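**Student:** Sharing a model prediction with you, sequence too.
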Number of protein chains: 2
Amino acid sequence: MPDPPGPRVGRVYLVGAGPGDPGLLTLRGKEILERAEVVVYDRLASPRLLEFVAPGAERIYVGKKAGRHVVPQDRINAIIVEKAREGKTVVRLKGGDPFIFGRGGEEAQELRRAGIPYEIVPGVTSAIAVPAYAGIPLTHRAHTASVAFVTGHRESGKDDEATIDWKGLSTGVGTLVFLMGMSNLPNIVRRLVENGRPPETPVAVIRWGTTPRHRSVDGTLADIVDRVREAELGPPAVIVVGEVAGLRSELDWFEGRP
Amino acid sequence: MPDPPGPRVGRVYLVGAGPGDPGLLTLRGKEILERAEVVVYDRLASPRLLEFVAPGAERIYVGKKAGRHVVPQDRINAIIVEKAREGKTVVRLKGGDPFIFGRGGEEAQELRRAGIPYEIVPGVTSAIAVPAYAGIPLTHRAHTASVAFVTGHRESGKDDEATIDWKGLSTGVGTLVFLMGMSNLPNIVRRLVENGRPPETPVAVIRWGTTPRHRSVDGTLADIVDRVREAELGPPAVIVVGEVAGLRSELDWFEGRP
């Protein structure tokens, strides 16, 4: 697609920052961060990623601030478009992968509407890497041939949790990974059991996965809510439900490292 | 965990090679490939990844060879254990992510049983990156809050496709991504429609995604089998089923690049 007429328009890269361990950034992600003129970023699991950004580049934080609301998506879209129209190389840096619960699709649509060229740089998603660091393979020939990622988050004004087909999900997929589901954990557990998932199904809840602050709690659908409360484990965390969560005791390698 | 007594035991890294574009290897994956003494690898989407391996390192190919069978998993496990016992730093390089349909779980269990220390280096999975390069965000607030990855492959001696809960899967999850499902495409389509997924649901089939050989075919559950046949698109390919597959016409950026 040819650039629109007028002054040179910049290019926007929607870059997945990975799950937290800075070593899980991609080679292309690093290369693009290094030549970015503007970096628009959320709260990142690792601030070390910003070390790749050139000293002269503009850094715009659009994540949550203490006591303030998150920057609305419309405003983020407007910033990206505006900076690209100034001819800048813009990186929109997003935790995990930009297209897995990252609203990257909405940002790409906005850029397309504005006629601004963009590229997607996929990242290692927390939904896979956080369980992997905790010793959980999401698929395993002996246990399951399917895994689903679900957002357990209630968007303002829209209850995602209520729109989920719990009946199909509960038994239709072997491994279930919930992102942004911590505040909703009791509901998630209740819905799964009500819809036929056995209460003895293993569950692992992992906070700050892939980073040195990594903490996890193990249990089953029957007791995970109590165990998480006892451990005082808060959000954000990744919730893994399924037989494979039971492999943790055998396969853990990250927490047990010297 | 202390190393077992006797000669120094090496360490094994199960490394995700990413989906094909060598730029989607992780920083840590590259660093570990560079210091590997032995690299055990499958057929890779990009042979350029092996350029990171030191000239003196041993390279062991365990993928399919023309006219021959794939190296059995037991034999791969034995090679990895044997090389680690020689005190070597061993990389087991696997396409995509090692824990998404990569049998990484089985290899980790074998290493644990053998008392060999290992680490997992997650990778960018083809299940996410291939659709992303094709302009498909697997999740999107306006369309779905869930995505599932399913293997459509029939293992020798075991029919995965028959063990899938098609009733729950067909309607319980918004976006469905099938890996290794091309030879099974007619069955997959038939099962989804029989179990309540509307025939007009968009489908995209993408071969060699993220590489310069990238090719794709679009359609619906009603016509994708014919369209794939007409296009003579063979395996391996990623199959995406769901409303988000319909965003391709709007969001494609990779095929349309200059």
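**Tutor:** Okay, I see it.

**Student:** quick one: A:Gly135 and A:Glu250 touch, right?
**Tutor:** Yes: in this structure, A:Gly135 is within contact of A:Glu250 by Cβ atoms under 8 Å, at 7.4 Å. All C-beta atoms are positioned from the backbone trio N, CA, C, and that covers glycine.

**Student:** Compare the two and say which is more crowded by neighbours.
**Tutor:** Set side by side, A:Gly135 and A:Glu250 show more neighbours around A:Gly135, with 25 against 12, by other Cβ atoms under 10 Å in any protein chain shown.

**Student:** got a list of what that one touches?
**Tutor:** A:Gly135 sits next to A:Leu247, A:Arg248, A:Ser249, A:Glu250, A:Leu251, A:Asp252, A:Trp253, A:Phe254, A:Glu255, B:Ala108 when contact means Cβ atoms under 8 Å, 6 or more residues apart in numbering or on different chains.

**Student:** Would you mind giving the residues you listed as CSV with pLDDT, distance to A:His214 and secondary structure added?
**Tutor:** Below are the contacts of A:Gly135 laid out as CSV (pLDDT from 0 to 100; distance: Cβ to Cβ, whole Å; DSSP: H, G, I helix; E, B strand; the rest coil):
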residue, pLDDT, distance to A:His214, secondary structure
A:Leu247, 96, 17, helix
A:Arg248, 94, 13, helix
A:Ser249, 90, 16, helix
A:Glu250, 93, 18, helix
A:Leu251, 94, 15, helix
A:Asp252, 92, 11, coil
A:Trp253, 92, 12, coil
A:Phe254, 89, 6, coil
A:Glu255, 80, 7, coil
B:Ala108, 96, 18, helix
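
**Student:** Of these - the most surrounded one?
**Tutor:** With neighbours defined as other Cβ under 10 Å, the most crowded of the contacts of A:Gly135 is B:Ala108; it has 28 neighbours.

**Student:** And A:Pro122, how close does it get to B:Leu24?
**Tutor:** Going from A:Pro122 to B:Leu24 by Cβ to Cβ, to the nearest Å gives 6 Å.

**Student:** Name all residues that sit in contact with these two at the same time.
**Tutor:** Contacts common to A:Pro122 and B:Leu24, judged by Cβ under 8 Å, 6+ apart, are A:Thr26, B:Val124, B:Ala129.

**Student:** B:Gly95 versus the last one, what's the distance?
**Tutor:** With the distance defined as Cβ to Cβ, B:Ala129 ends up 11 Å from B:Gly95.

**Student:** just to revisit the earlier point, got TSV for the shared contacts of A:Pro122 and B:Leu24, with pLDDT and neighbour count too?
**Tutor:** As requested, these are exported to TSV (pLDDT from 0 to 100; neighbours: other Cβ atoms under 10 Å in any protein chain shown):
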residue	pLDDT	neighbour count
A:Thr26	98	29
B:Val124	98	37
B:Ala129	98	29
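
**Student:** Okay, now the sheet partners of the strand or helix carrying A:Val147, with direction.
**Tutor:** Per DSSP states H and E, A:Val147 falls inside strand A:146-151. In the sheet, strand A:146-151 lines up against strand A:175-179 (parallel), strand B:146-151 (antiparallel) (DSSP bridges).

**Student:** Please tabulate the ones you listed in a markdown table, including the columns mean pLDDT.
**Tutor:** Listed next are the strands paired with strand A:146-151 as a markdown table, based on pLDDT from 0 to 100:
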| stretch | mean pLDDT |
| --- | --- |
| strand A:175-179 | 96 |
| strand B:146-151 | 94 |
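
**Student:** returning to that earlier point: ok, residues contacting the strand holding A:Val147?
**Tutor:** Residues outside strand A:146-151 that contact it (Cβ under 8 Å, 6+ apart) are A:100-101, A:125, A:127, A:138-139, A:160, A:164, A:169, A:172-181, A:242, B:100, B:139, B:145-151, B:164, B:169, B:173.

**Student:** Stretch A:220-228 now?
**Tutor:** By Cβ under 8 Å, 6+ apart, stretch A:220-228 touches A:182, A:185-186, A:189, A:192-193, A:197-203, A:205, A:217-219, A:241.

**Student:** Give me the most central residue, chain A.
**Tutor:** Closest residue to the average C-alpha location of chain A: A:Gly96 at 4.5 Å, with Cα atoms, centre = their mean.

**Student:** What segments of the stretch 1-150 of chain A are helices?
**Tutor:** Ranges of helices in the stretch 1-150 of chain A, per DSSP state H, counting those that start in this stretch, are A:27-35, A:73-85, A:104-113, A:126-133.

**Student:** need the strands for the stretch 151-258 of chain A, in chain order.
**Tutor:** A:175-179, A:202-207, A:215-220, A:237-241 (DSSP state E, counting those that start in this stretch).

**Student:** Which strands or helices does the last one pack on?
**Tutor:** The elements that strand A:237-241 packs onto, with contact taken as 3 or more Cβ pairs under 8 Å, 6 or more residues apart in numbering or on different chains; DSSP states H and E, are helix A:126-133, strand A:175-179, helix A:185-194, strand A:202-207.

**Student:** what are the pairing partners of it, and which direction each?
**Tutor:** strand A:175-179 (antiparallel), strand A:202-207 (antiparallel).

**Student:** Could you say which of those is packed most deeply?
**Tutor:** strand A:175-179 (a mean of 26; mean count of other Cβ atoms under 10 Å in any protein chain shown).

**Student:** can you list contacts of that strand?
**Tutor:** For strand A:175-179, contacts defined as Cβ under 8 Å, 6+ apart pick out A:100-101, A:126-127, A:131, A:138-139, A:143-144, A:146-153, A:169, A:184, A:188, A:192, A:238-245.

**Student:** Break chain A down into its domains, please.
**Tutor:** A:12-121, A:126-251 (automatic domain parsing).

**Student:** Adding distance to B:Arg227, write these out as TSV.
**Tutor:** Below are these laid out as TSV (distance: least, Cβ to Cβ, whole Å):
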stretch	distance to B:Arg227
domain A:12-121	24
domain A:126-251	25
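
**Student:** on that earlier part again, could you name the stretch from the helices and strands packed on strand A:237-241 that's closest to B:Ala84?
**Tutor:** helix A:126-133 (19.6 Å; Cβ to Cβ).

**Student:** just to revisit the earlier point, most tightly packed of the helices of the stretch 1-150 of chain A?
**Tutor:** Here the criterion is mean neighbour count by mean count of other Cβ under 10 Å, and of those the winner is helix A:126-133, at a mean of 30.

**Student:** Tell me if it is near chain B.
**Tutor:** Yes: looking at helix A:126-133 against chain B by Cβ under 8 Å from any Cβ of the partner chain, the contacts come from A:Ile128, A:Ala129, A:Pro131, A:Ala132, A:Tyr133.

**Student:** Kindly report the same for stretch A:49-67.
**Tutor:** No: between stretch A:49-67 and chain B, judged by Cβ under 8 Å from any Cβ, nothing touches; the nearest distance is 9.7 Å.

**Student:** With respect to B:Pro47, which of the strands paired with strand A:146-151 lies nearest?
**Tutor:** When the strands paired with strand A:146-151 are compared by Cβ to Cβ, strand B:146-151 sits nearest B:Pro47, at 24.7 Å.
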